[in-house]
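Chemist: no sequence on this one, just coordinates:
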């Protein structure tokens with residue numbers, strides 16, 4: 001009898017343990033970091049970096065942004081000015097200037113922000129690989145603008161990819177008829193996705209400034 005009771009008690013204890021373990025696992029699925037997306041601070045910083053990079057390359061001449069991003073080491077300089085006598089190439093009706101960098105250096109640099117489709121799209125808009133050397137698009141920029149009031153909303157995740165919606169204001173400065181500086185504010189939104197690449201979050205797709213890109217020849221490649 002004693003042995004039987006012990007067996008019954010052990011079975012009951014085992015059943016309780018299994019139920020508690022299952023409940024704990026179910027609870028963990030809804031409260032874990034992954035189910036709610038990566039930390040919000042991480043995503044905000046990542047989006048701001050991506051948006052800033054895309055905005056800089058759109059609003060400025062890409063070669064000057066590249067010069068800044070690589071701390072002035074991307075081009076031959078003459079008296080502090082980029083040497084435009086370096087080799088040019090015309091590709092798809094766009095002019096490209098040869099840099100001192102290898103194409104892989106641009107890949108490595110911007111892989112700190114983008115991956116997959118987003119990285120490929122970004123690189124193809126502004127750079128060209130010729131025998132491993134990096135050429136940068138020489139197209140002009142547009143009027144400068146800024147972004148404010150960023151609000152990022154986590155939507156869901158699917159197959160390791162996290163989906164987000166962002167609302168923000170584009171702030172564009174201009175001079176009025178009296179040559180006084182004014183600002184126009186344009187509420188807008190975009191979507192982006194994020195993947196974890198070797199322990200680091202990277203933007204895998206993003207449609208920020210997609211309408212702006214259609215106005216530039218180097219965006220249509």
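Modeler: All right, it came through fine. Remember, it's a predicted structure, so these values are computed and weren't measured experimentally. Residues are numbered from 1 along each chain as shown.
Chemist: can you give me the buried ones in the one helix or strand residue 201 maps to?
Modeler: Here residue 201, judged by DSSP states H and E, is contained in strand 200-206. Buried residues in strand 200-206, defined by neighbour count with 16 or more other C-beta atoms under 10 Å: 201-206. (Each C-beta comes from the backbone N, C-alpha and C, glycine too.)
Chemist: apart from its neighbours in sequence, what residue is nearest residue 187?
Modeler: Excluding its sequence neighbours, the residue lying closest to residue 187 (C-beta to C-beta, 6 or more residues apart in numbering) is residue 169, at 5.5 Å.
Chemist: rewinding a little: just send the buried residues of strand 200-206 back as TSV, with distance to residue 120 and pLDDT too.
Modeler: Shown next, in TSV, are the buried residues of strand 200-206 (distance: C-beta to C-beta, whole Å; pLDDT from 0 to 100):
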residue	distance to residue 120	pLDDT
201	18	97
202	13	98
203	12	98
204	10	97
205	10	96
206	12	96
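Chemist: got the domain boundaries for this structure?
Modeler: 40-137, 146-209 (automatic domain parsing).
Chemist: which one of the ones you listed has the most crowded surroundings?
Modeler: Ranked by mean neighbour count, the domains of the chain are led by domain 40-137 with a mean of 16 (mean count of other C-beta atoms under 10 Å).
Chemist: kindly provide the distance from residue 171 to residue 148.
Modeler: 6 Å (C-beta to C-beta, to the nearest Å).
Chemist: what is in contact with these two at once?
Modeler: Counting by C-beta atoms under 8 Å, 6 or more residues apart in numbering, the contacts common to residue 171 and residue 148 are residue 185.
Chemist: pick out the residue nearest the middle of this structure.
Modeler: residue 50 (3.7 Å; C-alpha atoms, centre = their mean).
Chemist: any residues touching the strand or helix carrying that one, and which ones?
Modeler: Residue 50 belongs to helix 40-59 when elements are defined using DSSP H and E. With C-beta under 8 Å, 6+ apart as the contact definition, helix 40-59 has outside contacts at 37, 65, 110, 113-114, 118, 122, 125-126, 141-147, 150, 152, 154, 162, 164, 166, 192, 194, 201-203, 206, 208-209, 212-213, 216.
Chemist: between that helix and strand 200-206, how many degrees?
Modeler: 50 degrees (axes from the mean of the first three to the mean of the last three C-alpha atoms, to 10 degrees).
Chemist: so how far is helix 40-59 from its chain's centroid?
Modeler: Chain-centre distance of helix 40-59: 6 Å, with C-alpha atoms, centre = their mean, to the nearest Å.
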